[in-house]
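S.K.: Let's see this in three dimensions:
(one chain, ligands or ions: 1)
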Amino acid sequence: MIEFLKRIKRSWVAGWQRWRMKREARRAFRFDARQFLDHAGALHLDRKAAACAEIVMGYHVLEKGLTMPHRRLGFGKGAVVHLINLIDAFERRFGVDPQVVHAIGVLRAYRELHRDWPEPMPRLDAFLAAHPDVPPANEPHLTRTDFFAAKDAPFPQFAASRHVVRHFAGPVPKETIEAAVSLALTAPSACNRQHARVHIIDDPALRDWLFAQQGGTRGFGADADKVLVVTSDLSAVRWGWERHDCYTNGGIFVMNLCYALHYYGVAHCILHWSVSPETDRAAHETLGIPANEAIVQVLACGIPPEEFDVAASPRRSIDEILTWHGRGEG
Ligand SMILES: Cc1cc2nc3c(=O)[nH]c(=O)nc-3n(C[C@H](O)[C@H](O)[C@H](O)COP(=O)(O)O)c2cc1C
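M.R.: Numbering: from 1, shown residues only. Purely as a prediction, here's the structure:
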């Protein structure tokens, strides 16, 4: 009889916990939706930070074009005009910003690359003439040896030497991938629950299918030797307020994996997984990823060629991102 009552109590407690968790999760996701709609840049382009982010995206498209492996001159004409319009509007409204100055430098580098291009570019020429003090952006050209030279250097140099690479020329041995994933396991995770999982795609047909869904690898994806799909096991999530945990823990793992790949001499390009629910579901089915694993990130990788270009992707200054909330005395 006592055993029976204990069982009833246990099942009542479990049922109550499930109900509470579902209620928390619904509240949390409603809060996220509200916060997103109130603040996501795409819905508030009148804000300076959102307008600047749009310019960064605009120059990034051209920077990628300038450093792409199979570059064809004449690329990105629409992107150039779009970027000029964005910069004009930004400068009228908000004035100068270092990221906008870099955008102008990218436009000048684009023009210099098209020095002998037969078609006139009057809008671009007029724009650049109005910004005579901005030099062309410098997109680094590196040898493979130089790119990986900081492998054993102190962390500041090692971290500064990592870049995404969109040039792939050779296969990565299985053991190297395993060594990198093993090193990435040093990533911390909430209560050491180790949410991250890694799926390796080395079938070219699956790679091409995935990249067609993903949309961010035009001009270089077909050269990638392997694709690493990093997922997070939702089974490790314990309560509703942890709704972001699969992405925070997965993201920390991804960064560690990027450093690990760089350490082992593997070129990698991080790829977003900002896709529709239908695409996400199709990827799970096509790649055979269990439904309880959320796809966090995709990485294209390979061994780079002897020489290649990387995009400069300059960073904001520390004053732009650091806010002290105490006495600020350290
Ligand atoms: C979450 C995320 C998504 C990204 N998605 C893409 C992508 O779809 N295609 C691409 O070519 N690069 C992508 N990148 C690479 C970024 O463009 C790159 O990391 C950034 O410009 C900084 O350059 P760096 O990594 O060389 O320092 C992505 C990076 C991150 C972190």
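
S.K.: going forward, measure contacts and count neighbours with C-alpha atoms only.
M.R.: Noted.

S.K.: Poorly predicted segments of the stretch 151-300 of the chain, please.
M.R.: Residues of the stretch 151-300 of the chain meeting the criterion pLDDT under 70: none.

S.K.: which residues in it form strands?
M.R.: 196-201, 226-233, 267-271, 293-302 (DSSP state E, counting those that start in this stretch).

S.K.: helices or strands up against the longest one?
M.R.: Okay, so that is strand 293-302. Here strand 293-302 touches strand 226-233, helix 245-263, strand 267-271, going by 3 or more CA pairs under 8 Å, 6 or more residues apart in numbering; DSSP states H and E.

S.K.: Then the first one?
M.R.: Packed against strand 196-201, as judged by 3+ CA pairs under 8 Å, 6+ apart, are the following elements: strand 226-233, helix 245-263.

S.K.: Mind checking the ones you listed for the one nearest to the ligand?
M.R.: Evaluated over the helices and strands packed on strand 196-201, closeness to the ligand peaks at helix 245-263, with 8.4 Å, by CA to the nearest ligand atom.

S.K.: Determine how far that closest one lies from the middle of the whole chain.
M.R.: Centroid separation between helix 245-263 and its chain, computed with CA atoms, centre = their mean, to the nearest Å, is 11 Å.

S.K.: Could you do stretch 42-57 as well?
M.R.: For stretch 42-57, the separation from the chain centroid amounts to 18 Å (computed by CA atoms, centre = their mean).

S.K.: now check stretch 310-328, is it near the ligand?
M.R.: Yes: under the criterion of CA under 6 Å from any ligand atom, stretch 310-328 makes contact with the ligand via Ser313.

S.K.: want to try TSV for the helices and strands packed on strand 293-302, with mean neighbour count as columns?
M.R.: Below are the helices and strands packed on strand 293-302 laid out as TSV (neighbours: other CA atoms under 10 Å):
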stretch	mean neighbour count
strand 226-233	24
helix 245-263	22
strand 267-271	24
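
S.K.: Kindly reformat these as a markdown table containing distance to Val172.
M.R.: Output for these, formatted as a markdown table (distance: least, CA to CA, whole Å):
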| stretch | distance to Val172 |
| --- | --- |
| strand 226-233 | 8 |
| helix 245-263 | 10 |
| strand 267-271 | 9 |
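
S.K.: a markdown table for those, including distance to the ligand?
M.R.: Shown next, in a markdown table, are these (distance: least, CA to the nearest ligand atom, whole Å):
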| stretch | distance to the ligand |
| --- | --- |
| strand 226-233 | 12 |
| helix 245-263 | 8 |
| strand 267-271 | 4 |
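
S.K.: Near the ligand, which residues of the stretch 51-200 of the chain are found?
M.R.: Residues of the stretch 51-200 of the chain lying close to the ligand by CA under 6 Å from any ligand atom are His163, Val164.

S.K.: returning to that earlier point: turn the strands of the stretch 151-300 of the chain into JSON lines, columns for distance to Asp97.
M.R.: As requested, these are exported to JSON lines (distance: least, CA to CA, whole Å):
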{"stretch": "strand 196-201", "distance to Asp97": "38"}
{"stretch": "strand 226-233", "distance to Asp97": "35"}
{"stretch": "strand 267-271", "distance to Asp97": "27"}
{"stretch": "strand 293-302", "distance to Asp97": "30"}
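
S.K.: Of all these, which one is nearest Ile252?
M.R.: strand 196-201 (9.3 Å; CA to CA).

S.K.: Okay, buried residues for that closest one please.
M.R.: Within strand 196-201, the residues that count as buried by 16 or more other CA atoms under 10 Å are Ala196, Arg197, Val198, Ile200, Ile201.

S.K.: Check stretch 54-67 too.
M.R.: Glu54, Ile55, Val56, Gly58, Tyr59, His60, Leu62, Glu63, Lys64, Gly65, Leu66, Thr67.

S.K.: Isn't the last one up against Asp309?
M.R.: Yes: proximity of Thr67 to Asp309 meets the contact threshold set by CA atoms under 8 Å, at 5.2 Å.

S.K.: what residues are shared contacts of those two?
M.R.: Common neighbours of Thr67 and Asp309, using CA atoms under 8 Å, 6 or more residues apart in numbering, are Glu139.

S.K.: circling back: how about CSV for the buried residues of stretch 54-67, with secondary structure, pLDDT and distance to Pro171 added?
M.R.: Output for the buried residues of stretch 54-67, formatted as CSV (DSSP: H, G, I helix; E, B strand; the rest coil; pLDDT from 0 to 100; distance: CA to CA, whole Å):
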residue, secondary structure, pLDDT, distance to Pro171
Glu54, helix, 97, 35
Ile55, helix, 97, 35
Val56, helix, 97, 32
Gly58, helix, 97, 32
Tyr59, helix, 97, 31
His60, helix, 97, 27
Leu62, helix, 96, 28
Glu63, helix, 96, 26
Lys64, helix, 95, 23
Gly65, helix, 94, 24
Leu66, helix, 96, 25
Thr67, helix, 96, 21
